[in-house]
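J.: Next comes the sequence, and after it the predicted model I'd like to discuss.
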Amino acid sequence: MTTLAEILIVSIPPAIVYVTYSLFGRLPRQPAGSVCRAFGAGLLAIIPVILISLLIPGPIVGHMPENLAEVGRMFVLTGLTEETAKLTALAIFAWPPAWSQSPRHAVTTGSAVGFGFGFAETILAGAVGSGSVVLRSLLISPFHALTTATLALLFSLRLRFGAAVLVGGLLVLAVVHTGFNLVLLWGSAGIALAAVALPAWTAFLLRSCVTVKA
């Protein structure tokens, strides 16, 4: 079962990342209400994922797939469903649409939605004894923040580059999400690889949202 101390640990990464971004000035500061609304949108996004997971038969996602059918199930549940749920929550609940008019604001809002989703997923996983809460908070929550921030960036640029870019990005991120889960299941080597890849992705995303003009 998840303890209060573990819940507090899960809360640390979002605070550190947001404060760091603000201090370095790479992302614009946003009102506390806007950030809380985006975080809450991420919390709500876990609901359809839970419902869909109950409708799809098969073993609980969290072990190395033994065949292509299980890989496909992982893609649907942890890739396509979760990324679509976060994008939907971002578009509906993280409103007004002012955030979507600027790539930098989009990345800030998207990361808050992603951290909200990662927080909810980590707490639920800890409640059923699925993996280490500390590990999930340090790797999986930031991963959700990065994927959702990337989706938000594509969403902010959809009018310029077309909806096909957003749809294509969603599918690519669903594949990346599935691959990320498979990498973590490899053990310590996979965890080390993820720990190196996430900061690199963060640096690339920050550079993109600063240089790309909406």
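T.: Here it is on my side, so go on. Please read these numbers as outputs of a predicted model, since none were measured by experiment.
J.: and stretch 78-85, what's its mean pLDDT?
T.: What stretch 78-85 shows for mean pLDDT is 92.
J.: What average pLDDT does the helix or strand where F39 lies get?
T.: Remark: F39 resides in helix 32-55, with elements defined by DSSP states H and E. Regarding helix 32-55, the rounded mean pLDDT is 86.
J.: Output that helix in PDB, but only the C-alpha positions, please.
T.: What follows is helix 32-55, C-alpha atoms only, in PDB (Å, rounded to 0.1, in the frame of the first residue of the first chain):
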ATOM      1  CA  ALA A  32      -1.000  29.200  -9.800                       C
ATOM      2  CA  GLY A  33      -4.600  28.600 -10.700                       C
ATOM      3  CA  SER A  34      -3.700  27.800 -14.300                       C
ATOM      4  CA  VAL A  35      -1.100  25.300 -13.200                       C
ATOM      5  CA  CYS A  36      -3.400  23.700 -10.700                       C
ATOM      6  CA  ARG A  37      -6.200  23.400 -13.300                       C
ATOM      7  CA  ALA A  38      -3.800  21.700 -15.700                       C
ATOM      8  CA  PHE A  39      -2.500  19.300 -12.900                       C
ATOM      9  CA  GLY A  40      -6.200  18.500 -12.100                       C
ATOM     10  CA  ALA A  41      -6.800  17.800 -15.800                       C
ATOM     11  CA  GLY A  42      -4.100  15.200 -15.700                       C
ATOM     12  CA  LEU A  43      -5.600  13.600 -12.600                       C
ATOM     13  CA  LEU A  44      -9.000  13.300 -14.400                       C
ATOM     14  CA  ALA A  45      -7.300  11.800 -17.500                       C
ATOM     15  CA  ILE A  46      -6.600   8.600 -15.500                       C
ATOM     16  CA  ILE A  47     -10.300   7.800 -15.300                       C
ATOM     17  CA  PRO A  48     -11.000   6.700 -18.900                       C
ATOM     18  CA  VAL A  49      -7.700   4.700 -18.900                       C
ATOM     19  CA  ILE A  50      -8.900   2.700 -15.900                       C
ATOM     20  CA  LEU A  51     -12.300   2.100 -17.500                       C
ATOM     21  CA  ILE A  52     -10.800   0.900 -20.800                       C
ATOM     22  CA  SER A  53      -8.300  -1.300 -19.000                       C
ATOM     23  CA  LEU A  54     -11.200  -3.100 -17.400                       C
ATOM     24  CA  LEU A  55     -12.800  -3.700 -20.800                       C
END
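J.: switch to numbering from 51
T.: Got it, first residue is 51 now, which makes that one helix 82-105.
J.: other SSEs contacting that helix?
T.: Using 3 or more CB pairs under 8 Å, 6 or more residues apart in numbering; DSSP states H and E as the contact test, the elements touching helix 82-105 are helix 132-142, helix 153-177. Every C-beta, even on glycine, is put in place using the N, C-alpha and C of the backbone.
J.: and the gap between F205 and L248?
T.: Distance, F205 to L248, by CB to CB, to the nearest Å: 21 Å.
J.: and those two? which has more neighbours close in?
T.: Neighbours were counted for F205 and for L248 using other CB atoms under 10 Å; F205 has more, 25 against 17.
J.: Thanks a lot, catch you later.
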